[in-house]
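Predicted model, plus sequence, below.
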Amino acid sequence: MTPFYLTILLLLTPAALAATQCSEGQDKCSGYAAFDDSTEGRVQPEGLFSNEESEITEAQLKLVDGKVPEWLAGTMYKVGVGAYSVGERKVNNVVDALSKVYKWTFVPGGEPSFSAKFLKTGIFNRSVETGELVPHKIVGDMDPPVSTFEKAKMTVWDSRRDNNNITPWKLKGRDGITVCGEAPLYFDVHPDTLDHMDKYTLVSQPWFVKEFMSASHFTRHPSTGDSYNYIYVTGLDKGMVSGVEPHFQMVRFTNDITGKAATEVVGTIPSPLDDMRIIHSMGVTEDYVILPRLSLRVKLESPFHVCTNIVFDREAPTQIHVMSLKDGTYKTFMFDPFISVHIINSFQRKNEKGETEIVVDYPTPTSMKEFDDTHCYYEILNKDYILDDNFVYRKEFQPLTDITIRRFVMNMETGESEVRDHPQMWSPRILHVDFPYINDKHRGKPFCVVYLHTIQWDNKNAMGLLKLNLCRQESSNWDDLNLFPVEPVFVGRPGGRKEDDGVLMAPVFNAITQDSELYIWDAETMKVIARLSSPIRIPWTNHGMWVDADSEF
């Protein structure tokens, strides 16, 4: 029996206090991360959502404040917005803006440097040649609108959208940094100069097989370092003669005995064309790869406007497929319809009976009851909405303003599954919480700590960073008036033993000065330890990654 005084001490731990002082329905609660939700003095971050057309190579960065850790050695890459317009034509969604790659390099004993270059896609090259943003498949709106004649040309020039502006990745066996989008078409840029190296597909398909989609995010195996993704394919005749019916190919990207890149299909999962889903990210554990088919259905109604084809189908259960890396067999687990785009992490474990369980964590809307198809999910990143003080996200995108960290547990022995919600560990409750990043050494393994990006859509888009310890039910945060960070990247300290032993870094836009700086935070305390100047303003970036100076990948 636990002595009474120990019971009291346990109840007074920060985690216990937090868990007992915040209940569902409270807008404010003590013991958890608290973001400033005051409205006075706030201005819109217009410079975060506008063109920045400069290309920079190896500019030295000056220390503004603090001290850069001496152990920091490597490069952070981020991919995002370069330009919304060329000439008189423009787009209004961050996913549609011309892609740009940014990098920050740290050398012990030397000065940090910065580079930025446009990704030399077909869309970019043709826009530069013509002096006007060329029509291409878009998520948001294009102004002036695309004409019928231009749509006809798009079927020739843009049969596969190549404006990859989502995620950087490092594949084994390839020399460059790979830049990804939602299609199985990739660009490699030079890791130092960011110059174009290659445009390619990773799997050689027969001529009669058409590739549709892949995940924007590769996922890396926790011990081999191999990368995994899916490719959704079908025969051009939909299988009627070719026998190739629509299916997912689960693909491993590794290297051969010579060190060159190699690919192999681990297994396939049948899926009809009328049940395609948006799968933005995947999971992998030591023995399994995870394909989450959430309830964002893809229709094939418009070859030109992506959002026309994306709907939340409340009648379509979420299906999570768990495939064995050993033999390609898989099990399917069914859940209520929900949407999300970013897996926090996935891992496998043994329960008290010795049975293997697969665990997947997501930031997801607390409830999907109010979600409708007035707006496409990806229109949440429409900059015209973001910067419009009269556009009310809590009304137009209500479910996406109330987020829960949700855990899906799947038993590989019994086929049973359950959903568990982590406590809501921040205030205000109405807060967009997404873009998770964890310690890379814990990907595919049990973990506790996750860092996320937050937005108060209806409060001049006030942004911040949130740290959650899901095991101890603790949270902390960073935010500052009119300073706008984007998704943070975690860098672990060499030899660090704790999961949060390291730093976070991200560019931060100052809405008052209209300048950007690179901020570095202590990942344990969430306190700023260094600020570095930036030679240019950094617009919104979607995702990033860190590559150690001595990385094998």
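Yep, it's here. Numbering: from 1, shown residues only.

where do the strands sit along the stretch 51-200 of the chain?
Ranges of strands within the stretch 51-200 of the chain are 56-60, 63-66, 74-83, 85-86, 89-91, 98-106, 113-118, 142-143, 167-169, 177-180, 186-189, 196-200, based on DSSP state E, counting those that start in this stretch.

Can you lay out those as TSV showing mean neighbour count, distance to Asp373 and mean pLDDT?
Every residue, glycine included, has its C-beta placed from N, CA and C. Converted to TSV, these look like this (neighbours: other CB atoms under 10 Å; distance: least, CB to CB, whole Å; pLDDT from 0 to 100):
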stretch	mean neighbour count	distance to Asp373	mean pLDDT
strand 56-60	14	41	96
strand 63-66	12	46	97
strand 74-83	23	26	97
strand 85-86	20	28	97
strand 89-91	20	21	96
strand 98-106	24	28	98
strand 113-118	21	34	98
strand 142-143	16	21	95
strand 167-169	24	27	97
strand 177-180	23	27	96
strand 186-189	22	31	96
strand 196-200	15	34	94
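
Now distance to Met526 too, for the ones you listed, in TSV please.
Shown next, in TSV, are the strands of the stretch 51-200 of the chain (distance: least, CB to CB, whole Å):
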stretch	distance to Met526
strand 56-60	28
strand 63-66	14
strand 74-83	18
strand 85-86	37
strand 89-91	35
strand 98-106	20
strand 113-118	24
strand 142-143	40
strand 167-169	25
strand 177-180	28
strand 186-189	32
strand 196-200	37
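
and of the ones you listed, who's closest to Gly492?
Nearest to Gly492 among the strands of the stretch 51-200 of the chain is strand 74-83 (10.6 Å), distances taken as CB to CB.

now the helices for the stretch 301-450 of the chain?
Along the stretch 301-450 of the chain, counting by DSSP state H, counting those that start in this stretch, helices occupy 383-386, 393-396.

looking at those helices, which one has the lowest mean pLDDT?
Among the helices of the stretch 301-450 of the chain, helix 393-396 carries the lowest mean pLDDT, at a mean of 91.

Now that helix: buried residues?
Buried residues in helix 393-396, counting neighbours by 16 or more other CB atoms under 10 Å, are found at 393, 396.

Mind giving me the packing neighbours of it?
Judged by 3 or more CB pairs under 8 Å, 6 or more residues apart in numbering; DSSP states H and E, helix 393-396 is in contact with no other helix or strand.

Output the below-cut-off pLDDT ranges for the chain.
1-30, 156-160, 238, 553 (pLDDT under 70).

Would you mind confirming that Val95 is in contact with Lys383?
No. Using CB atoms under 8 Å, Val95 is not in contact with Lys383, being 10.6 Å away.

mind listing the strands for the stretch 401-550 of the chain?
Using DSSP E, counting those that start in this stretch, strands in the stretch 401-550 of the chain cover 403-411, 417-421, 426-427, 432-437, 449-456, 462-469, 474-478, 483-485, 489-492, 502-510, 515-522, 528-533, 541-548.

tell me the angle of the fifth one relative to strand 474-478?
In this case it means strand 449-456. Interaxial angle, strand 449-456 versus strand 474-478 (axes from the mean of the first three to the mean of the last three CA atoms, to 10 degrees): 50 degrees.

Partner strands of strand 449-456 and their direction?
Next to strand 449-456 in the sheet, as set by DSSP bridges, lie strand 432-437 (antiparallel), strand 462-469 (antiparallel).

Just say which of the ones you listed is most tucked in.
strand 462-469 (a mean of 24; mean count of other CB atoms under 10 Å).

contacts for it?
Strand 462-469 is contacted from outside by 15, 33, 35-37, 42, 45, 405, 422, 425-426, 433, 448-456, 474-479, 483-486, 488, 500, 504, 506, 521, 523, 526, using CB atoms under 8 Å, 6 or more residues apart in numbering.

Quick one, which of those are buried?
In the contacts of strand 462-469, the ones that pass as buried (16+ other CB under 10 Å) are 15, 33, 35, 37, 42, 45, 405, 422, 425-426, 433, 448-456, 474-479, 483-486, 488, 500, 504, 506, 521, 523, 526.

looking at this, Leu48 is in a helix?
Yes. With DSSP: H, G, I helix; E, B strand; the rest coil as the criterion, Leu48 is part of a helix.

Share the number of residues neighbouring it, please.
28 (other CB atoms under 10 Å).

Across the sheet, point out what pairs with the residue nearest to it when sequence neighbours are not counted.
Nearest non-adjacent residue to Leu48, counting by CB to CB, 6 or more residues apart in numbering: Phe509, 4.6 Å away. Beta-bridge partners recorded for Phe509 (DSSP bridges): Phe484, Ser516.

May I ask you to confirm that Phe509 is in contact with Thr541?
No. Using CB under 8 Å, Phe509 makes no contact with Thr541, being 10.4 Å away.

picking up where we left off before, residues near the residue nearest to Leu48, how many?
25.

now Lys210
Neighbours of Lys210 under the rule other CB under 10 Å: 16.

which stretch of helix or strand covers it?
Lys210 is part of strand 209-213 when elements are defined by DSSP states H and E.

Next secondary structure after that strand?
Taking DSSP H and E, what comes next after strand 209-213 is strand 219-220.

Which strands or helices does that next one pack on?
So strand 219-220, by 3+ CB pairs under 8 Å, 6+ apart, packs with strand 227-235, strand 283-284.

sorry, back to before: for the residue nearest to Leu48, give its distance to Pro436.
Separation of Phe509 from Pro436 (CB to CB, to the nearest Å) stands at 21 Å.

go on, Asp501?
Using CB to CB, we find Asp501 at a distance of 19 Å from Pro436.

same check, this time on Glu379
For Glu379, the distance to Pro436 - CB to CB - is 21 Å.

Ok, Pro317 next?
Here Pro317 is placed at a distance of 24 Å from Pro436 (CB to CB).

Please apply the same query to Ser340.
Distance, Ser340 to Pro436, using CB to CB: 10 Å.

what does Pro191 give?
Pro191 sits 25 Å away from Pro436, going by CB to CB.

Check Thr364 too.
11 Å.

do Asp479 as well
From Asp479 across to Pro436, the span is 17 Å (CB to CB).

One more: Thr268?
Separation of Thr268 from Pro436 (CB to CB): 29 Å.

What residues does Lys78 make contact with?
The contact partners of Lys78, by CB under 8 Å, 6+ apart, come to 101-103, 168, 486-487, 489, 507, 541-544.

do the same with Leu518
By CB under 8 Å, 6+ apart, the contact list for Leu518 reads 61, 104, 112, 114, 505-508, 531-532, 534.

one more time with 10 Å
By CB atoms under 10 Å, 6 or more residues apart in numbering, the contact list for Leu518 reads 61, 64, 68, 76, 102, 104, 112, 114, 505-508, 530-534, 538.
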